[in-house]
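[1] give me coordinates for this.
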Amino acid sequence: MREKKVNRMLGGVLVFVFLVARVSAGVRASVSLAGPGEHFIEESLEPPYTHYYNYSASGSYTLDPDIEQEIKDGEASVSVEYSWGYPGHCDSGGGKTDSTVRIYFIKNELPGGTISVTYTVTVTFADDTSISALASASIDAAFPLWETGSAISCEGITAPASSTRVVMGAEIGCSISPATDNDTRVGAVIDNAKPDTFSASGAYSWSTSAGSFKDDCSTGLSVTWIAPAEIGSKTITCAASDDAVIPTGEGGTRDDSDYTDTVTVIVVKIDHLECKEVTSKTNNPGNNETVYLPVGFNGGTVTVNAIPDPTGGWPYGKPAWSGDIQSSSGGTAQVDTTAAGTKTVTAECGNSVSIKIIVIEIASLETRRKSSGESFADSTTIAAGGYSSDMHKADIRLTINPVPTGSFSVDFPAQLSGAGAHTGTTCKATFSAGGSLVQEGNGDGTLTVTDANSTGGVVTGVLTSSNVINTCAVTVGNATATVYFRWDISGTYDYDGPSFFVPGIGDAIKFFPTLDEVAVEDEDDDGLVGEGAIGGHSMDYWTKKFTVRYWKYDYNTGSYVEPVTYETFDDLDGDNIEVHFGQNLHDLIDHSATAETATGVYENTQTVYDYYDYSGGVEEVIEVWSYAFGIYDTELFLSE
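    Numbers count the residues shown, from 1 in each chain. Got it, this is the predicted structure:
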């Protein structure tokens, strides 16, 4: 039996093999073989070759002492011989007497294989007999082959994040984490942890569905992508390619499939700006892209919204707002409406879009009695009652600033106070302007000013009084005018009537209610006292105060039962009070129905009656000594 001891090292380092032969008739032999354990592919077709493989054998033997003595005595001799086996071609050595051999492989021959040597020791005796012993050794040389092993490992694109929204033309930094890969080398030994290589400049290649890479550089761990001038979803892809090289002369493959990662980036622009019902898609806003607002609209601030395309969020820091803004946050900007003027607001997100806002104030709000020819002022007086005549109406004139050009429409808040009807009635004050009813009675309305119902920024309207003697405030936007609803406010009754009366004979009474701001002369000889006559009302008269003289005399006794007495009744409200002797006021003073005989002329007949009764010699007498009458409008009131 032979005992084999092997000592190997990796990759082409000498391999030693020792063999000890069985004792053969006093002769023992051993041999060792050293040489490379790997062969490589020759690149050249002609010698000299790059790779020569040298193998060296070292044989030894031992003899029994008696044989050694015979050799010393010349009666025996010893000879040794090497017998080689190898693949490829022998360049030198390899003979029977050679303890070495040098081999090579021609290109395209598969290297590797077994290299062997047999060492033979022969003792020849004087009688021509011989004994021998032999020993063998071999080396299995490998042809190194590479395998791809594990797939390429990478954490992928680290920037930008998928679904990032960017601006058209923006420069976006792109980066990918370094890739790793381990290949397997099968040679003299198996190595599963041979790291692959990824050059930072060449192993990473970038591509995109749109846009470009800055400076035409699309390789490396980091590049800069330039977003295209078109919106929508765009992809950015990075491929990590296996660029490891198989060493010269070795075989197999190290070419793993590329690792790829893709992110989607959304290119965004501003689709339009909107404020109220107005939208703008241009950077040069015209009349159609202009918002018209009253001063103080929405408490002093109006919001402009930017709408992205595609819909969704905005790129970081976009849109960028500029122009006449108070503040901005994300896709909204606030504009001040407390002061009149023209404001332009612009938003930028790769493209720029602007919208114009014109804040308009009521520069003046003035009034006068309708058709009076008077100058407009901040207040006027008209007749209470709400009738259709001009005496019951006030002209309202307002001017706006600034005055827009072209077509426009702006809603001003309007308000009436002191305009309600008396409880249980319906005669409220009404305010109309611009061809429409703005407000009826107390409360808020809206006055719409347009290019169609205004001339040079001037709008006219009419206020008709209520049935309450009151002070009415007309407010439009930031301006107010005052209109007084009055009735004969001079405090002096203008009437025609007798200074004395005859009992039983009716006296004609005429009353002319006017406004004190109207002349009291009959300027056009139409029979009216003043041109401010208040016509169309329902007037009536009542006895306000009267004095009577009464007595009761008994002719049977020749004495007064009740002496002659004067009694005055004052502060009457038209009540039919009892006077004396069972007589009431209306038995003594009679007012006929009142009629308006001409515009603003109210007439009735008043008749005074004395009372006389004689019965059984007793006389009862009541004489109206004096009286005062009052006039009242049956449709006017002092409170709402």
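
[2] can we go C-alpha only for contacts and neighbour counts from here?
    Noted.

[3] can you give me the strands for the stretch 101-250 of the chain?
    For the stretch 101-250 of the chain, the strands defined by DSSP state E, counting those that start in this stretch occupy 113-125, 130-141, 145-147, 157-159, 164-167, 171-176, 182-186, 190-195, 204-208, 212-213, 222-226, 232-240.

[4] alpha carbons of the second one, as PDB, please.
    These are the backbone C-alpha positions of strand 130-141, laid out as PDB (Å, rounded to 0.1, in the frame of the first residue of the first chain):
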ATOM      1  CA  SER A 130      17.500  -7.300 -11.600                       C
ATOM      2  CA  ILE A 131      15.000  -6.000  -9.100                       C
ATOM      3  CA  SER A 132      13.100  -2.700  -9.300                       C
ATOM      4  CA  ALA A 133      10.800  -0.400  -7.400                       C
ATOM      5  CA  LEU A 134       8.700   2.500  -8.700                       C
ATOM      6  CA  ALA A 135       6.700   5.500  -7.400                       C
ATOM      7  CA  SER A 136       4.200   7.700  -9.200                       C
ATOM      8  CA  ALA A 137       2.900  11.200  -8.600                       C
ATOM      9  CA  SER A 138       0.300  13.400 -10.500                       C
ATOM     10  CA  ILE A 139      -1.200  16.900 -10.500                       C
ATOM     11  CA  ASP A 140      -4.700  17.700 -11.800                       C
ATOM     12  CA  ALA A 141      -4.400  21.200 -13.300                       C
END
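
[5] which other helices and strands contact that strand?
    Where contact means 3 or more Cα pairs under 8 Å, 6 or more residues apart in numbering; DSSP states H and E, strand 130-141 is packed against strand 16-20, strand 27-34, strand 113-125.

[6] just the buried residues of that strand, please?
    132, 133, 134, 135, 136, 137, 138, 139, 141 (16 or more other Cα atoms under 10 Å).

[7] thought the last one was touching residue 40?
    Spelled out, it's residue 141. No - counting by Cα atoms under 8 Å, residue 141 sits too far from residue 40 to count as a contact (10.0 Å).

[8] quick check: neighbours shared by the two?
    Common contacts of residue 141 and residue 40, defined by Cα atoms under 8 Å, 6 or more residues apart in numbering, comprise residue 112.

[9] now the residue lying farthest from the centre of the chain: how far from residue 453?
    Within the chain, residue 127 marks the point farthest from the mean C-alpha position, 118.3 Å out by Cα atoms, centre = their mean. Separation of residue 127 from residue 453 (Cα to Cα, to the nearest Å): 152 Å.

[10] could you do residue 114 as well?
    112 Å.

[11] okay, the two: which has more neighbours?
    Per other Cα atoms under 10 Å, whichever of residue 114 and residue 453 has more neighbours is residue 453, with 16 against 13.

[12] mind listing what that one touches?
    Residues near residue 453 by Cα under 8 Å, 6+ apart: 434, 435, 459.

[13] my read: residue 177 touches residue 153, true?
    No - assessed by Cα under 8 Å, residue 177 is found out of contact with residue 153, at 9.9 Å.

[14] list the buried ones in stretch 91-100?
    93, 94, 99, 100.

[15] the last one pairs with what?
    Same thing as residue 100. residue 56 (DSSP bridges).

[16] got a pLDDT number for it?
    Per-residue pLDDT puts residue 100 at 96.

[17] hmm, it is touching residue 94, no?
    Yes - with contact defined as Cα under 8 Å, residue 100 reaches residue 94; the gap is 6.1 Å.

[18] anything in contact with each of those two?
    With Cα under 8 Å, 6+ apart, residue 100 and residue 94 have no common neighbours.

[19] what's the spacing between residue 210 and residue 316?
    Distance of residue 210 to residue 316, computed by Cα to Cα: 21 Å.

[20] no wait, residue 365
    Where residue 316 is concerned, residue 365 sits at a distance of 49 Å (Cα to Cα).

[21] who has more neighbours, these two?
    A direct count of neighbours by other Cα under 10 Å for residue 365 and residue 316 places residue 365 higher, at 26 against 12.

[22] residues contacting that one?
    So residue 365 contacts 378, 396, 397, 398, 399, 476, 479, 480, 481 (Cα under 8 Å, 6+ apart).

[23] what of residue 134?
    Contact analysis of residue 134 by Cα under 8 Å, 6+ apart lists 21, 28, 29, 30, 118, 119, 120, 121.

[24] in the sheet, who's paired with it?
    With DSSP bridges as the rule, residue 134 is bridged to residue 120.

[25] what sits against the residue nearest the centre of the chain?
    The residue lying closest to the centre of the chain (Cα atoms, centre = their mean) is residue 331, at 3.9 Å. With contacts defined as Cα under 8 Å, 6+ apart, residue 331 is in contact with 305, 306, 307, 314, 318, 319.

[26] next one: residue 234 from residue 226, what distance?
    11 Å.

[27] shaky segments in the stretch 1-150 of the chain?
    When residues are selected by pLDDT under 70, those of the stretch 1-150 of the chain lie in 1-25.

[28] ok, the stretch 451-600 of the chain next?
    Using pLDDT under 70, the flagged stretches of the stretch 451-600 of the chain are 488-499, 515-532.

[29] how are the helices of it distributed by residue range?
    For the stretch 451-600 of the chain, the helices defined by DSSP state H, counting those that start in this stretch cover 585-588.

[30] residue 513 against residue 536, yeah?
    No - taking contacts as Cα under 8 Å, residue 513 lies outside contact range of residue 536: 11.0 Å.

[31] any shared contact partners between these two?
    Counting by Cα under 8 Å, 6+ apart, the shared contacts of residue 513 and residue 536 are residue 600.

[32] which of these two has more residues huddled nearby?
    More neighbours surround residue 513 than the other of residue 513 and residue 536, with 27 against 17 (other Cα under 10 Å).

[33] all strands for the stretch 501-640 of the chain, in order.
    507-511, 539-554, 559-569, 578-580, 583-584, 589-591, 595-598, 601-608, 611-615, 618-633.

[34] how close does the residue farthest from the centre of the chain get to residue 62?
    According to Cα to Cα, residue 127 and residue 62 sit 22 Å apart.

[35] returning to what we had before: which one of the contacts of residue 365 sits closest to residue 187?
    residue 476 (98.7 Å; Cα to Cα).

[36] quickly list what the closest one is bridged to.
    residue 414, residue 479.

[37] run a quick neighbour tally on the closest residue to residue 423 other than its chain neighbours.
    What sits nearest to residue 423 in space, not counting adjacent residues and going by Cα to Cα, 6 or more residues apart in numbering, is residue 640, at 5.7 Å. When neighbours are counted by other Cα under 10 Å, residue 640 registers 17.

[38] deepest-packed of the strands of the stretch 501-640 of the chain, please.
    Greatest average neighbour count among the strands of the stretch 501-640 of the chain goes to strand 601-608 (a mean of 21), per mean count of other Cα atoms under 10 Å.

[39] give me the helices and strands touching that one, please.
    Partner elements for strand 601-608 (3+ Cα pairs under 8 Å, 6+ apart): strand 507-511, strand 589-591, strand 595-598.

[40] was I right to think residue 51 contacts residue 42?
    Yes - with contact defined as Cα under 8 Å, residue 51 counts as touching residue 42 (6.5 Å).

[41] tell me which residues of the biggest helix by length in the chain come out buried.
    With secondary structure taken from DSSP state H, the chain has its longest helix at helix 65-73. Using 16+ other Cα under 10 Å as the burial criterion, the residues of helix 65-73 that qualify are 67, 68, 71.

[42] for it, list the C-alpha coordinates in PDB.
    Extracted in PDB, the C-alpha atoms of helix 65-73 (Å, rounded to 0.1, in the frame of the first residue of the first chain):
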ATOM      1  CA  PRO A  65      22.400  -2.900   3.300                       C
ATOM      2  CA  ASP A  66      23.400  -6.200   1.600                       C
ATOM      3  CA  ILE A  67      22.500  -4.700  -1.800                       C
ATOM      4  CA  GLU A  68      24.300  -1.500  -1.000                       C
ATOM      5  CA  GLN A  69      27.400  -3.700  -0.200                       C
ATOM      6  CA  GLU A  70      27.100  -5.500  -3.500                       C
ATOM      7  CA  ILE A  71      27.000  -2.200  -5.300                       C
ATOM      8  CA  LYS A  72      30.100  -1.100  -3.300                       C
ATOM      9  CA  ASP A  73      31.800  -4.400  -4.300                       C
END
